[in-house]
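Novice: quick one, what's the 3D model for this:
(chains A and B)
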Amino acid sequence: QKEVEQNSGPLSVPEGAIASLNCTYSDRGSQSFFWYRQYSGKSPELIMSIYSNGDKEDGRFTAQLNKASQYVSLLIRDSQPSDSATYLCAGPNTGFQKLVFGTGTRLLVSP
Amino acid sequence: DVKVTQSSRYLVKRTGEKVFLECVQDMDHENMFWYRQDPGLGLRLIYFSYDVKMKEKGDIPEGYSVSREKKERFSLILESASTNQTSMYLCASSLLFNSNQPQHFGDGTRLSIL
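Specialist: Residues are numbered from 1 along each chain as shown, chains lettered A, B, ... in the order given. Coordinates of the predicted model:
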């Protein structure tokens, strides 16, 4: 079973700073990862997909995939209090039948 | 946009009742999933389905069953509800079987078993 691991946090950053969220995985065959944002009491919302080694930028969000080191990260620039949430990373299992989710990192952005 | 609709946001049932949770997606996705989420335990996969009338056990199938009679609808059934099944239940769907696709979640059902 592929493992996806995240630090549970909380990660606390001041408003306007860069928040860096990290995820490590055990399956060297993984080719893609997904980042979800989950507000308290709500369901996970897909915010970023990354399918190849390197960086992918979308607005204030940058996803980074490093296959050699087996980690994936999410950078949030100019963090806002509204970014305060739990961030889940997920990757497909071998065979791509389902996703394996990390347990999530809680991000707190203080005004 | 993908729309995954769960029939109830909040549900209260009694121990021993048979409980049905319904999920419908409108994007012709092949795959559908049922998870439960509990504090500190993350998302745990109960069952998934990659086609009509097909189902696969996830990590915690005990005490649950599923039904997929139509492609757009995936039902989770608690055969005899117990208090340890009090949880947030999340339905998700993804486009193609055996493909590198993200899942899209419904709003969730918060189920309380008394």
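Novice: what's the burial count for residue 18?
Specialist: Answering for chain A, as no chain was given. A:Ile18 has 12 neighbours, counted by other Cβ atoms under 10 Å in any protein chain shown. Just so you know, the C-beta spots here come from the backbone N, C-alpha and C atoms, and that holds for glycine as well.
Novice: nope, chain B
Specialist: Applying other Cβ under 10 Å, I find that B:Lys18 has 10 neighbouring residues.
Novice: does it touch B:Ser75 like I think?
Specialist: No: in this structure, B:Lys18 is not within contact of B:Ser75 by Cβ atoms under 8 Å, at 11.7 Å.
Novice: now do the contacts for the residue of chain A found nearest chain B.
Specialist: For chain A, the residue closest to chain B is A:Thr103, as judged by Cβ to the nearest Cβ, at 3.9 Å. Counting by Cβ atoms under 8 Å, 6 or more residues apart in numbering or on different chains, A:Thr103 makes contact with A:Glu5, A:Gln6, A:Ser8, A:Leu88, B:Gly40, B:Leu41, B:Gly42.
Novice: would you check those residues and say which has the weakest pLDDT?
Specialist: In terms of pLDDT, B:Gly40 ranks lowest among the contacts of A:Thr103, with 84.
Novice: who's in contact with that one?
Specialist: Neighbouring residues of B:Gly40 by Cβ under 8 Å, 6+ apart: A:Thr103.
Novice: can you tell me the helix or strand for it?
Specialist: B:Gly40 belongs to no helix or strand when assigned by DSSP states H and E.
Novice: please name the residues that touch the residue of chain A most remote from its centre.
Specialist: Going by Cα atoms, centre = their mean, the residue of chain A most distant from its centre is A:Pro111, 22.4 Å out. Contact analysis of A:Pro111 by Cβ under 8 Å, 6+ apart lists A:Glu15, A:Pro81.
Novice: any idea how far it is from B:Glu79?
Specialist: 48 Å (Cβ to Cβ, to the nearest Å).
Novice: so what's the residue count around residue 87?
Specialist: Picking chain A for this. The local packing of A:Tyr87 (other Cβ under 10 Å) involves 25 other residues.
Novice: my question was about chain B, not that one.
Specialist: 20.
Novice: and for B:Thr86?
Specialist: By other Cβ under 10 Å, the residues close to B:Thr86 number 16.
Novice: got it, and the one 5 residues further on?
Specialist: B:Cys91 is flanked by 28 other residues according to other Cβ under 10 Å.
Novice: A:Thr24 too?
Specialist: By the measure other Cβ under 10 Å, the count of residues near A:Thr24 is 17.
Novice: residues contacting it?
Specialist: By Cβ under 8 Å, 6+ apart, the contact set of A:Thr24 is A:Val4, A:Glu5, A:Gln6, A:Gln70, A:Tyr71, A:Val72.
Novice: tell me the pLDDT of it.
Specialist: At A:Thr24, the model reports a pLDDT of 92.
Novice: do the same with the one 10 residues further on
Specialist: According to the per-residue confidence, A:Phe34 scores 95 in pLDDT.
Novice: again, but for B:Gln6
Specialist: Looking at B:Gln6, its pLDDT is 97.
Novice: how about the most centrally placed residue in chain B, secondary structure?
Specialist: By Cα atoms, centre = their mean, the mean C-alpha position of chain B lies nearest to B:Trp34, the distance being 2.6 Å. Going by DSSP: H, G, I helix; E, B strand; the rest coil, the secondary structure assigned to B:Trp34 is strand.
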